[in-house]
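Visitor: Sequence isn't available, so here's the structure alone:
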């Protein structure tokens, strides 16, 4: 049957790409092994298991005739491989823990790729409530890390709730906007020359957003706030095609942002260290300065895996992993990774454009915008293009919450891409 | 909706392209430009892996070497202002700073080699730096300065090779981070010391040159007023210009150029200065490089202070008279005065002063880079230079500089006693030897040392004698 | 020394492989879109219609959502869609297809918001949308081709 043949073709292409990545991963592992031959066995076992899981996922999809995008999985694999190698090089314990998270994440990916995601359109107020709850919990029970209070401790695991809230946010916005978008565009009222839709339609949306922004300000998680708001604007634009909303929204954000600059010292500090990091080189600007030095030391082809000094950067395994990559793999490696991210984003939007119904389109585009913003903000932060805000780099940074939530996002994107009918 | 998705996609691709371009800027420009920042711990980390090169003097004597992870300076405080020091906390100075990249073997010339070394896993070795300094002379100079504040500069006028660059008071380059009291390290105390031992007086000092500047005024007079060489004046023991009276040391009577230099006659040069006028007097100073930094624009081998004097348009007659005999607002460094002597010695040409001789690999001694001497300035014609040379020889044989005379060697010199606000005059001597074929030019200053002939000339004599005795 | 050389070479191979992968992906993506463009459904539908599908005249833009059958079914070719339109061999269906390949209650098209959704009712031979089997409820787009047990329909929204 034509359909099954098509699926086999897609999965065969996927397999081919996975093989390329596997070669990359094994060479990288070889370098790590030659540098520290004593702990080779665990390393190789982990790498073999990870590779097997990817191929197993490919076989599983082939078996269930899953017609999802053939490129996505290999792009994730190449990022995970790089992450594993860099983390192992930084500290084998990080790599070991992240290895377990990879297994959890891939399971989540497999599940989310096969669920009937269209049913998700029906629970929008559940997402709003859930999101608010997840944001609220850490305020009362949370642990503060690096100035941001957005972690939740459950037993021995700490969960960064904002990583999951972002999924709920996109789900909520997609289901809400897919049903209301026509009304939002209709412009019923005109207010002093500006035509605005009525408050009833905007109300829940703005409320949800306002609440999350307030919580984020209390949690001091600037990066997440920025990403949430950006995603909101992106999805609003997609569904209404009105640039004026985006401009208005950005202006509001700028006003709000400058207000926080004067109210909150931690915001002020961030901006000032961004403008002149050398002045705070020994305090708040230390990280960024060290990061820039790492980039500079990497040069074109990098110091070579294991030859750099990424340890000089605090939090190198989470927020600053890209600096470690740039130091050891150089501009060449950093650009390749950036290309992988661009491909991922391009694919995401392609899936959105090809999706059949508005909910799927909004969901795919929302998730993609979310990832794109997150990637841009943290890479921009580590290179002093933007003020530094502590967010993780999807699939590269150490951290279970981030990995699992991003795996769910990719699973849903693939799910959307598979339902071409 | 597809249209807006496509637009959004394009938007993200554009901002990511910008990010990619910016990444190139950070990796290849911004990052490397910060590489020498004191916050870069990478340099220290790399250094710990690289055996740092040795700094040798011209005769192969060690000036700085690394022994069991420690940097050792055999000359200690005698040469610290030139050789510099290495400190985690206080950075690096002197040759240790200027030739850091060579000493670590990570210079641009060596990029390919260090790449190959790294690729093959060879130990990256720093290079040896050979400088023109003469350790024995340097030690002698420091010893003779003793507790007195002052500086000694000696160089080879034919090439510009710096042989001695001593400054006193000095300090020990080792154990600067050691705590001497609760809140002060050794370095902190040096910073607070009123005698500023950290300053290299030989190149950064700002002293009125006194009578030694008459060489410059004389040079200008001979260049622009050729009659100076055969004219004589009647020195009455003082000269009055616009109500300002400049006293002379003595009534010299009939005085020609040679006698004026030999006896250091103020009246002769005051008149000469007036005849030259402010513009030409200033030009003469410029021509001898007094107002310039020999290393301007490039990496300075030694931090140097360019000399300063009243700009010509603001010079009154009284100031001309003072400037012509090296007083007034004129302030120069001993290196500058050594270069003035070198100009006379080298038939009017000043060779660019330098410390680097060559950089070579540690094992095979393969030369990485070698300095080629070059002319810096040409303030004098040959005739004028020879005229001054003869006059300076006369000063040593029968004039103010007799204490610089060395039996068996012809010496030329000029003394100076520079009036200054801080007490007794500074004692100056500049000179060179042998007159027939000068191999060494010297400038000595002793702060508040009194008459130049008494305090400074003997030091110069010993340096010259030692330099010429031990060959070349 | 040999170890170091091997390491250096491997480090570069590592970087090169990363690029090999990126370019393979880019290559396939572009080849995929150029040589064999996955056509927009409407385009594919046009091709399908031209080759074997029913010939339908241009429709007026104000027309209501409807299915047009390739062959007349009980004399009718055009079926306007209600909030719920059932398709099957059973007589109670909105569209009755008397065929042994069609299940009694084969498929349903229902309205949700301003969109029409097609759902297969666990039929024996399945429902196909543009050649793909319908497994979950799927939204219909203007110009979609629906196959119910061998009977062809085309969906018009306008």
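Guide: Everything's here; your move. These numbers were taken from a predicted model, which means no experiment stands behind them.
Visitor: Break down the stretch 1-150 of chain B into its helices, ranges please.
Guide: B:2-25, B:31-33, B:41-49, B:80-83, B:94-98, B:100-103, B:111-120, B:135-145 (DSSP state H, counting those that start in this stretch).
Visitor: Least confident of those helices, on average?
Guide: Note on these: lowest mean pLDDT is at helix B:111-120, with a mean of 71.
Visitor: Enumerate the positions of it that are buried.
Guide: B:113, B:114, B:117, B:118, B:119 (16 or more other CB atoms under 10 Å in any protein chain shown). Using the backbone N, CA and C atoms, a C-beta is placed for each residue, glycine as well.
Visitor: And stretch B:408-424, by the same measure?
Guide: B:410, B:411, B:412, B:413, B:414, B:415, B:416, B:417, B:418, B:420.
Visitor: again, but for stretch C:94-104
Guide: C:94, C:95, C:96, C:97, C:102, C:103.
Visitor: quick one: contacts of that stretch?
Guide: C:67, C:69, C:73-74, C:79, C:82, C:84-90, C:106, C:121, C:123-125, C:148-151 (CB atoms under 8 Å, 6 or more residues apart in numbering or on different chains).
Visitor: Now restrict those to buried residues only.
Guide: Applying 16+ other CB under 10 Å to the contacts of stretch C:94-104 flags C:67, C:69, C:73, C:79, C:85-89, C:106, C:123, C:125, C:148-149, C:151 as buried.
Visitor: any idea which of those residues is the one closest to chain B?
Guide: Proximity of the buried ones among the contacts of stretch C:94-104 to chain B (CB to the nearest CB) peaks at residue C:67, which lies at 24.5 Å.
Visitor: contacting residues for the closest one?
Guide: C:78, C:79, C:81, C:85, C:95, C:109, C:146, C:153, C:154, C:155, C:156.
Visitor: Get me the contact residues on the stretch 51-200 of chain B for chain A.
Guide: residue B:118 (CB under 8 Å from any CB of the partner chain).
Visitor: in stretch B:359-378, what counts as buried?
Guide: Buried, per 16+ other CB under 10 Å, within stretch B:359-378: B:359, B:360, B:361, B:368, B:371, B:376, B:377.
Visitor: from the residues you listed, which is closest to chain C?
Guide: Once CB to the nearest CB is applied, the member of those that ends up nearest chain C is residue B:361, at 18.3 Å.
Visitor: so what's that closest one closest to, chain neighbours aside?
Guide: In this structure, residue B:361 finds its nearest non-sequential neighbour in residue B:127, 5.8 Å apart by CB to CB, 6 or more residues apart in numbering or on different chains.
Visitor: Could you report the pLDDT at the one you found?
Guide: pLDDT, read off for residue B:127, is 89.
Visitor: and it, what does it touch?
Guide: So residue B:127 contacts B:53, B:102, B:103, B:105, B:107, B:110, B:359, B:360, B:361, B:362, B:368 (CB under 8 Å, 6+ apart).
Visitor: Quick one, which of the residues you listed has the minimum pLDDT?
Guide: Comparing those by pLDDT, residue B:110 comes last, at 65.
Visitor: and residue A:328, helix, strand or coil?
Guide: helix (DSSP: H, G, I helix; E, B strand; the rest coil).
Visitor: separation between it and residue A:311?
Guide: 12 Å (CB to CB, to the nearest Å).
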